[in-house]
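Student: Dropping the sequence and predicted coords here.
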Amino acid sequence: DTRMPADWTFVIASSGVQADKADSVKDRYNRASNGVRALHAIWNRESGEPAQSLAAALASGSRASLQLEKWIHGDEMFSADDLRRRLRHFMNETVRAPRAAAAFKTADRQALGDLAAESQRDAHELLGNQIPETITLAALARDIGAFAASSFGAGFGGSVWAAVPAADAPRFGDAWVRAYAQRMPHVGMVDWFAARPGPAATEIAL
């Protein structure tokens, strides 16, 4: 059971750029998601032990990732380097998820901040789904005083979350969007709100 510390909250701000996955960035969005499918297909074709998912394949043995890398070759859709970057991103994020949960559980601001920064960097450098606006908005959050911040969702626009002390949320939110408007005048002022996670999924007896 992992809960956000009582004195933390998320502040969410829009980048002002709609994540237009159905039009102008459709091909790039599909490419990011199809890379995992391509890696999973390589494993199932080469391993002799098909897995239900890429995650299951990588969890099947201590050398599974190294073996998969050896099998990677480019095709008409992806170069070998494309697939190796996608594999590295998938593996990095898979490892970060339980570490982030532990950081929330122990109220470790430094650990959460480091994990969020690494995730944001990899989204830009490995996954390639970031734009100048989301990169800037996440960086400004740290500059303004958030102890962790990252864009989220499918990328190519959308919003950024920042983790801050709950008591500081009103000041932080206003300062954050003002700084963003100054840095990105073509976007101007954007919307923001503070929110804490809702309750976990719960079985309701009937």
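Tutor: Cool, the structure landed.
Student: Give me the distance between the two termini of stretch 157-176.
Tutor: In terms of Cα to Cα, to the nearest Å, the two terminal residues of stretch 157-176 are separated by 17 Å.
Student: Flag every buried residue along it.
Tutor: By neighbour count, with 16 or more other Cβ atoms under 10 Å as the criterion, the buried positions of stretch 157-176 are 157-164, 166, 168-169, 172-173, 175-176. Placement of C-beta: from N, CA and C, glycine included.
Student: what ranges do the helices span in this protein?
Tutor: Assignment of helices within the chain using DSSP state H yields the ranges 26-46, 54-58, 64-71, 80-105, 109-122, 132-144, 169-183.
Student: Most tightly packed of those helices?
Tutor: helix 132-144 (a mean of 21; mean count of other Cβ atoms under 10 Å).
Student: contact partners of that one?
Tutor: If you take Cβ atoms under 8 Å, 6 or more residues apart in numbering as the criterion, helix 132-144 is touched by 11, 13, 15-17, 113, 117, 120, 124, 149-151, 155, 157-158, 160, 162, 172, 175-176, 179-180, 183-184, 187.
Student: cool, and stretch 54-69?
Tutor: The contact list for stretch 54-69, computed with Cβ under 8 Å, 6+ apart, reads 36, 39-40, 42-44, 47, 49, 51, 84, 87, 90-91, 94.
Student: now do 6 Å
Tutor: Outside stretch 54-69, the residues that touch it by Cβ atoms under 6 Å, 6 or more residues apart in numbering are 36, 39-40, 43, 51.
Student: tell me the mean pLDDT over stretch 182-191?
Tutor: Averaged across stretch 182-191, pLDDT comes to 97.
Student: Counting neighbours, which bits of that stretch end up buried?
Tutor: Of all the residues in stretch 182-191, those buried under the rule 16+ other Cβ under 10 Å are 184, 187, 190.
Student: Hmm, the last one is touching Ser14, no?
Tutor: So that's Val190. Yes. Using Cβ atoms under 6 Å, Val190 is in contact with Ser14, at 4.6 Å.
Student: where does the nearest residue to Pro197 once chain neighbours are set aside fall, phi/psi-wise?
Tutor: Leaving aside its sequence neighbours, Pro197 sits nearest to Met4 (Cβ to Cβ, 6 or more residues apart in numbering; 5.5 Å). With angles defined as degrees, to the nearest 10, Met4 sits at phi -70, psi 140.
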